[in-house]
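> fold the following.
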Amino acid sequence: MTTPVLVLGGSGYLGRHICSAFGAAGARVVRVSRSGVDGDGVNGGGVDGDGCRSVRLDLTEAEPAELARLCADTRARVLVNASGAVWGGGERRMAEANTELVGRLAGAVAGLPDRPRLIHLGSAYEYGPADPGTSIGEDWPTAPTTVYGRTKLRGSQAVLRAAHELGVDGVVLRVGVACGPGAPGNSLAGVVAAHLAAGRDELRLAPLHDHRDLVDVRDVADAVVAAALAPSHAVAGRVVNIGSGRAVPVRALVDLMISLSGLPVRVVEDPALHRTRSDAAWQRLDIGRARRLLGWSPRRALRESVRDLLVAAGVPPPATVRAATACGPPNSHGKDSR
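Numbers count the residues shown, from 1 in each chain. Sure thing, here's the model as predicted:
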């Protein structure tokens with residue numbers, strides 16, 4: 001595909017992988033971010049190392065006319081909104097980035113004479129709580145229990161309204177918990193990876209009782225490309241779940257990361273530590289609609305995601321760890337103590 005693609009939030013965790021997936025498919029990609037810097041630290045305004053062009057723009061400050069002009073100037077046929085504020089960003093920040101921006105963006109697209117397809121990345125946290133064993137389909141009640149979930153839901157609703165009332169070719173992808181290389185430091189996987197990279201022997205976390213639908217971030221990117229290629233009549237005005245279709249105990253995720261690192265780490269579950277993301281105990285998405293409408297299914301196993309995450313975070317492979325351990329600590333003269 002040689003389609004011009006505009007990715008908002010293109011320097012973020014999801015955005016970087018989405019830009020790479022479109023680039024690999026032959027698209028002409030423009031990434032937009034507040035810093036104008038890609039994931040490798042390349043300044044905006046030129047062509048980055050991955051062949052994408054970067055544009056600097058504070059999306060939360062951008063007016064509809066500016067957003068419309070950006071679409072027109074880049075001649076975008078596909079517009080991906082991978083921007084947003086995540087956990088810990090504060091309620092006002094989340095409202096600006098997750099709700100208000102999306103409303104302006106949908107309005108800007110509606111006013112264009114040549115409208116691009118709008119692909120908005122929503123979140124599985126937009127759904128209400130589910131009992132263990134439940135598979136959450138797109139018709140599950142949207143009753144989020146967190147500020148993050150509520151602000152994301154309002155953004156998704158703005159895209160759906162624009163599709164149904166204004167004829168915008170818009171689709172919402174509700175994404176589970178993305179996992180894989182580059183996981184942000186405020187996520188559970190990012191916290192554990194940073195701890196392992198630092199070589200600490202004790203890891204203190206909030207209680208690990210929940211189950212989450214973990215999907216590789218590169219599979220998410222592939223789903224976005226599939227959504228861009230799907231016929232308009234199949235996806236316009238629809239919500240499509242993107243996940244693994246499995247509920248993984250978060251304790252199992254942590255244990256797998258430690259096992260693959262080869263490091264002797266003790267996990268302490270501390271009830272005093274606050275869980276910032278959600279108090280929902282169960283998350284498993286029904287991804288049947290993604291298979292039917294997008295021809296998409298996740299391809300990467302959790303073990304592959306975790307392995308690549310650890311490599312990207314700088315965690316040495318187990319063989320290196322074992323060799324270093326066998327040498328033992330240096331003695332007081334800086335020599336091997338054997």
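
> three-state assignment of the closest residue to residue 163 other than its chain neighbours?
For residue 163, ignoring the flanking residues on the chain, the nearest one in space by C-beta to C-beta, 6 or more residues apart in numbering is residue 237 at 3.7 Å. Yep, even glycine has a C-beta here, placed from its N, CA and C like the rest. State at residue 237, reduced to three classes by DSSP: H, G, I helix; E, B strand; the rest coil: coil.

> what's around residue 237, how many residues?
19 (other C-beta atoms under 10 Å).

> that one touches residue 167, doesn't it?
No - the criterion here is C-beta atoms under 8 Å, and residue 237 misses it with residue 167 at 9.4 Å.

> can you give me the strands for the chain?
4-8, 28-33, 53-56, 78-81, 117-123, 170-175, 177-179, 202-205, 211-212, 214-216, 239-242, 248-249, 266-269 (DSSP state E).

> can I get those strands in a markdown table including distance to residue 100?
Shown next, in a markdown table, are the strands of the chain (distance: least, C-beta to C-beta, whole Å):
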| stretch | distance to residue 100 |
| --- | --- |
| strand 4-8 | 14 |
| strand 28-33 | 17 |
| strand 53-56 | 20 |
| strand 78-81 | 13 |
| strand 117-123 | 14 |
| strand 170-175 | 17 |
| strand 177-179 | 24 |
| strand 202-205 | 33 |
| strand 211-212 | 28 |
| strand 214-216 | 27 |
| strand 239-242 | 20 |
| strand 248-249 | 33 |
| strand 266-269 | 37 |
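
> mean pLDDT for the ones you listed - can I get that in JSON lines?
Below are the strands of the chain laid out as JSON lines (pLDDT from 0 to 100):
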{"stretch": "strand 4-8", "mean pLDDT": "97"}
{"stretch": "strand 28-33", "mean pLDDT": "95"}
{"stretch": "strand 53-56", "mean pLDDT": "92"}
{"stretch": "strand 78-81", "mean pLDDT": "98"}
{"stretch": "strand 117-123", "mean pLDDT": "98"}
{"stretch": "strand 170-175", "mean pLDDT": "98"}
{"stretch": "strand 177-179", "mean pLDDT": "97"}
{"stretch": "strand 202-205", "mean pLDDT": "95"}
{"stretch": "strand 211-212", "mean pLDDT": "97"}
{"stretch": "strand 214-216", "mean pLDDT": "98"}
{"stretch": "strand 239-242", "mean pLDDT": "98"}
{"stretch": "strand 248-249", "mean pLDDT": "98"}
{"stretch": "strand 266-269", "mean pLDDT": "96"}
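
> of all those strands, which one is nearest residue 281?
Among the strands of the chain, the nearest to residue 281 by C-beta to C-beta is strand 211-212 (6.9 Å).

> can you state the direction angle for the lengthiest helix in the chain and strand 117-123?
The helix that spans the most residues within the chain, counting by DSSP state H, is helix 147-166. With axes from the mean of the first three to the mean of the last three C-alpha atoms, to 10 degrees defining the directions, helix 147-166 sits at 150 degrees from strand 117-123.

> what comes up buried for helix 147-166?
For helix 147-166, the neighbour count (16 or more other C-beta atoms under 10 Å) marks 147-163 as buried.

> any chance of the strands of the chain in a markdown table, plus distance to residue 185 and mean neighbour count?
As requested, the strands of the chain are exported to a markdown table (distance: least, C-beta to C-beta, whole Å; neighbours: other C-beta atoms under 10 Å):
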| stretch | distance to residue 185 | mean neighbour count |
| --- | --- | --- |
| strand 4-8 | 22 | 26 |
| strand 28-33 | 17 | 26 |
| strand 53-56 | 22 | 18 |
| strand 78-81 | 23 | 27 |
| strand 117-123 | 19 | 27 |
| strand 170-175 | 19 | 28 |
| strand 177-179 | 14 | 26 |
| strand 202-205 | 14 | 14 |
| strand 211-212 | 18 | 23 |
| strand 214-216 | 17 | 26 |
| strand 239-242 | 23 | 26 |
| strand 248-249 | 20 | 16 |
| strand 266-269 | 18 | 12 |
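
> dump the residue contacts of the nearest residue to residue 228 once chain neighbours are set aside.
For residue 228, ignoring the flanking residues on the chain, the nearest one in space by C-beta to C-beta, 6+ apart is residue 78 at 4.5 Å. Contact analysis of residue 78 by C-beta atoms under 8 Å, 6 or more residues apart in numbering lists 3, 4, 5, 6, 22, 27, 116, 117, 119, 228.

> kindly report the same for residue 12.
Per C-beta under 8 Å, 6+ apart, neighbours of residue 12: 33, 82, 83.

> next, it: phi, psi?
Backbone geometry at residue 12, expressed as degrees, to the nearest 10, gives phi -80, psi -180.

> quick one: distance of stretch 169-179 to the chain centre.
The chain centre lies 9 Å from the centre of stretch 169-179; the measure is C-alpha atoms, centre = their mean, to the nearest Å.

> tabulate the CA atom coordinates of that stretch in PDB.
What follows is stretch 169-179, C-alpha atoms only, in PDB (Å, rounded to 0.1, in the frame of the first residue of the first chain):
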ATOM      1  CA  ASP A 169     -15.500   6.800   8.000                       C
ATOM      2  CA  GLY A 170     -14.500   6.100  11.600                       C
ATOM      3  CA  VAL A 171     -13.800   2.900  13.600                       C
ATOM      4  CA  VAL A 172     -12.900   2.400  17.200                       C
ATOM      5  CA  LEU A 173     -10.400  -0.400  18.100                       C
ATOM      6  CA  ARG A 174     -10.800  -1.300  21.800                       C
ATOM      7  CA  VAL A 175      -7.400  -2.600  22.800                       C
ATOM      8  CA  GLY A 176      -6.500  -4.900  25.700                       C
ATOM      9  CA  VAL A 177      -3.300  -4.500  27.600                       C
ATOM     10  CA  ALA A 178      -0.500  -4.100  25.100                       C
ATOM     11  CA  CYS A 179       2.700  -6.000  25.900                       C
END
